[in-house]
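Peer 1: got a predicted structure plus its sequence, pasted below:
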Amino acid sequence: MTNGNFPDKGKKEEERSLNFIEQIITEDIKSGKNEGRVHTRFPPEPNGYLHIGHAKSICLNYGLANKFKGLYNLRFDDTNPLTEEVEYVDSIMEDVRWLGFDWEDRLYYASDYFEQLCQWAEKLIMKGKAYVCELSSEEIAAHKGSPTRPGKDSPFRNRPVDENLDQFRRMRKGEFKEGEKVLRAKIDMSSPNMHMRDPIVYRIIHAHHHRTGDKWCIYPTYDYAHGQSDSIEEITHSICTLEFEVHRPLYDWFIRELEIFPSRQIEFARLNLSYTIMSKRKLLQLVREGHVSGWTDPRMPTISGLRRRGYTPESIRFFADRIGVAKRDNVIDVALLEHSVREDLNKIATRVMAVLHPVKLVITNYPEDKSEEVDAVVNPEMPELGRRKVPFSREILIEKDDFMEDPPKKFFRLAPGREVRLKYAYIIKCEEVVKNDAGEITEIRCTYDPLTRSGLPDANRKVKSTIHWVSAPHANEVEVRLFDRLFLKEDPDEAEEGKDFKSNLNPDSLKVTKGHVSSGIENASPLDKFQFERLGYFCVDEDSTPGRLIFNRTVTLRDAWARMGKNQL
Ligand code: ATP
Ligand code: MG
């Protein structure tokens, strides 16, 4: 890994106090553990697309390896043939790469360890530490007891070693049906930790696996495969989320009994975001039931959805770094994620003017056959990008919202008799309003002050407001997808009795409208990013075709929800 993969945070990063994981690693290095080596991994299960929570984990694991000059692996935890698909494997690799991380030649699959895991299971059997159990899953659950009540031994618990070994090998050969037998670790049915009550190690699944095909019909459980995979790869620090804290004694038991490399597990609080669902099972439900257009729908919290929405890898890495690592579960305000992308796009997005809800405005004293080009900036944050030319003419479009016939006191934009500045161009004054029979405004008629353009004598004349506009004959028509939060509730899981998270879906999370964009987008291609001045950041969608551009709204310029508790536009 090169430093080039990380945003250069310079001195500040060095000066930041160490988080609790960094402290643990620093101590381990100091004490000479693992010869001072640091090796982490990101272990996704290929049963869905990666989401922003995974991005946090990726940045954390790879960031730690980078900070301590160590290595990191990408490992697919592909032990469940029933839910895993190649499509997910491919998307995960694409997303990790896009985030800016290069695993070099360290790409692994837990399924490559099936033989080793099976040998280790036999080792446990031979040590008298595992047995083949023939109870049904319901019986096993009933025998488990409860946290306050000890469990009951399985009648198969004291089978002789030879019989266990024979049974297990026959399980592997495919002699039994699913659910008929399982291999269980023999630990302690009265342990206060439920995970230690003879957990299942192997179960029979007659299913095709996306990598091993039909070679196996027994599959290791997550708890058995995960820790051992870390050991095989000699992962020094196995970072995982808090819910695995109670599994740690079991993982340590396996390490002791199998006498294998002792990876150190460290738990941190998973990322929870307000207004966001992060469970893959629920995200899959949204996809399957058509509430979104797919895993890459720009409203999804998936990395591919965020990418399509217009997020940059830098903004996600910056967000992951800024929220830090916590030991207790908490909920991060999604506004912080939006703020991160706004900050990054402000630096890189080309400015253009666009009108989304137009009303026609005619400048009556501007010659009919004339048009001119006014001078505008490409990006005020990057003066080196220079200037752009914006066509101006007698007929322009402005945003309906920027005009009020009967304005309240605090409205300073255009109104009858009032003056505003057209951004980069002239000051205009509203003289007349034309309406149709239904009383709707069809045209606003104005005069302009020809000396108020930049470079002319009255360029600095002040008016209370500046609005954006687009020259009507020069406007590019595009489709604009106005995305909003997918859920209306801060905690989407908090639903009324008898309803679930889907009852909190925001029915207005997508509005499609026609946009009229001034010059500057003619050669745009998918993922290009723009600021529509005064409106927000927009990104060209992958569904665009030449001549039919589609823009996704990434984020508004300001946090509209914080201000008014509800989205505008
Ligand atoms: P889900 O519970 O939705 O199925 P998962 O945690 O099982 O998700 P995995 O593919 O197993 O998904 O996750 C890969 C890694 O990403 C794990 O190490 C996991 O701890 C981490 N991870 C998953 N979700 C989050 C999250 N919200 N915040 C931080 N890390 C996460
Ligand atoms: Mg998992």
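Peer 2: Cool, got the structure. Ligands and ions are numbered 1, 2, ... in the order given.
Peer 1: tell me the contacts of the residue of the chain found nearest ligand 1?
Peer 2: Here the residue of the chain nearest ligand 1 is Gly53; by Cβ to the nearest ligand atom that distance is 2.2 Å. To be clear about C-beta, it is placed using only N, CA and C from the backbone, and glycine gets the same treatment. Applying Cβ atoms under 8 Å, 6 or more residues apart in numbering, we find Gly53 in contact with Arg270, Leu271, Asn272, Leu273, Met278, Pro301.
Peer 1: again, only using 10 Å
Peer 2: Thr241, Arg270, Leu271, Asn272, Leu273, Thr276, Met278, Ser279, Lys280, Pro301, Ala320 (Cβ atoms under 10 Å, 6 or more residues apart in numbering).
Peer 1: establish whether stretch 268-285 and ligand 1 are in contact.
Peer 2: Yes. Stretch 268-285 is in contact with ligand 1 by Cβ under 6 Å from any ligand atom, via Arg270, Leu271, Met278, Ser279, Lys280.
Peer 1: what's the closest non-adjacent residue to the first one?
Peer 2: Residue nearest to Arg270 in three dimensions, not counting chain neighbours: Thr241, with 4.1 Å by Cβ to Cβ, 6 or more residues apart in numbering.
Peer 1: list the contacts for the one you found?
Peer 2: Gly53, Lys56, Ser57, Glu267, Phe268, Ala269, Arg270, Leu271, Asp329.
Peer 1: the contacts of Gly53 in strands, which ones?
Peer 2: Secondary structure from DSSP state E places Thr241 of the contacts of Gly53 in strands.
Peer 1: need the strands for the stretch 101-250 of the chain, in chain order.
Peer 2: Under the criterion DSSP state E, counting those that start in this stretch, strands of the stretch 101-250 of the chain are mapped to 107-109, 130-133, 182-185, 200-204, 218-220, 237-241.
Peer 1: and those strands as CSV, adding distance to Asn164 and mean pLDDT?
Peer 2: Below are the strands of the stretch 101-250 of the chain laid out as CSV (distance: least, Cβ to Cβ, whole Å; pLDDT from 0 to 100):
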stretch, distance to Asn164, mean pLDDT
strand 107-109, 28, 98
strand 130-133, 5, 98
strand 182-185, 8, 98
strand 200-204, 12, 98
strand 218-220, 14, 97
strand 237-241, 29, 97
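Peer 1: in JSON lines: those strands, plus distance to ligand 1.
Peer 2: Shown next, in JSON lines, are these (distance: least, Cβ to the nearest ligand atom, whole Å):
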{"stretch": "strand 107-109", "distance to ligand 1": "13"}
{"stretch": "strand 130-133", "distance to ligand 1": "25"}
{"stretch": "strand 182-185", "distance to ligand 1": "21"}
{"stretch": "strand 200-204", "distance to ligand 1": "18"}
{"stretch": "strand 218-220", "distance to ligand 1": "15"}
{"stretch": "strand 237-241", "distance to ligand 1": "4"}
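Peer 1: reformat these as a markdown table; add distance to Gly386.
Peer 2: Output for the strands of the stretch 101-250 of the chain, formatted as a markdown table (distance: least, Cβ to Cβ, whole Å):
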| stretch | distance to Gly386 |
| --- | --- |
| strand 107-109 | 43 |
| strand 130-133 | 70 |
| strand 182-185 | 68 |
| strand 200-204 | 64 |
| strand 218-220 | 60 |
| strand 237-241 | 46 |
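Peer 1: the lowest-mean-pLDDT helix or strand in the chain: what's the following helix or strand?
Peer 2: Each helix and strand of the chain was given a mean pLDDT (mean pLDDT, DSSP states H and E); the minimum falls on helix 10-15 at a mean of 52. The helix or strand immediately downstream of helix 10-15 is helix 20-30, counting by DSSP states H and E.
Peer 1: just the C-alphas of that following helix, formatted as CSV.
Peer 2: The C-alpha trace of helix 20-30 is given here as CSV (Å, rounded to 0.1, in the frame of the first residue of the first chain):
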residue,chain,number,x,y,z
PHE,A,20,-8.3,2.9,21.3
ILE,A,21,-7.5,0.4,18.6
GLU,A,22,-4.3,2.3,17.6
GLN,A,23,-3.4,2.3,21.3
ILE,A,24,-3.7,-1.4,21.5
ILE,A,25,-1.7,-1.9,18.4
THR,A,26,1.0,0.5,19.6
GLU,A,27,1.3,-1.5,22.8
ASP,A,28,1.5,-4.8,20.9
ILE,A,29,4.3,-3.4,18.7
LYS,A,30,6.1,-2.1,21.8
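Peer 1: that helix near ligand 1 anywhere?
Peer 2: No. Using Cβ under 6 Å from any ligand atom, helix 20-30 never reaches ligand 1; the gap is at least 12.6 Å.
Peer 1: in that helix, which residues are buried?
Peer 2: For helix 20-30, the neighbour count (16 or more other Cβ atoms under 10 Å) marks Ile21, Glu22, Ile25, Asp28, Ile29 as buried.
Peer 1: contacts only, for the nearest residue to the last one once chain neighbours are set aside.
Peer 2: Here the nearest residue to Ile29 in space, its sequence neighbours aside, is Gly36; by Cβ to Cβ, 6+ apart that works out to 4.8 Å. Contact criterion Cβ under 10 Å, 6+ apart gives Asp28, Ile29, Lys30, Phe68, Lys69, Gly70, Thr236 as the residues in contact with Gly36.
Peer 1: swap in Asp500?
Peer 2: Lys282, Gln285, Pro492, Asp493 are the contacts of Asp500 under Cβ under 10 Å, 6+ apart.
Peer 1: repeat that for Glu395.
Peer 2: For Glu395, counting by Cβ under 10 Å, 6+ apart, the contacting residues are 360-363, 366, 368, 371, 443, 471-475.
Peer 1: PyMOL command for the buried members of the residues you listed?
Peer 2: Those of the contacts of Glu395 that count as buried under 16+ other Cβ under 10 Å are selected in PyMOL with:
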select buried, resi 361+362+363+366+471+472+474+475
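Peer 1: now do Leu488 against Lys502, distance only.
Peer 2: From Leu488 over to Lys502 the distance is 11 Å, taken as Cβ to Cβ, to the nearest Å.
Peer 1: which bits of the stretch 1-150 of the chain sit near ligand 1?
Peer 2: Counting by Cβ under 6 Å from any ligand atom, the stretch 1-150 of the chain sits next to ligand 1 at Pro43, Pro44, Glu45, Gly53, His54, Lys56, Ser57, Asp77.
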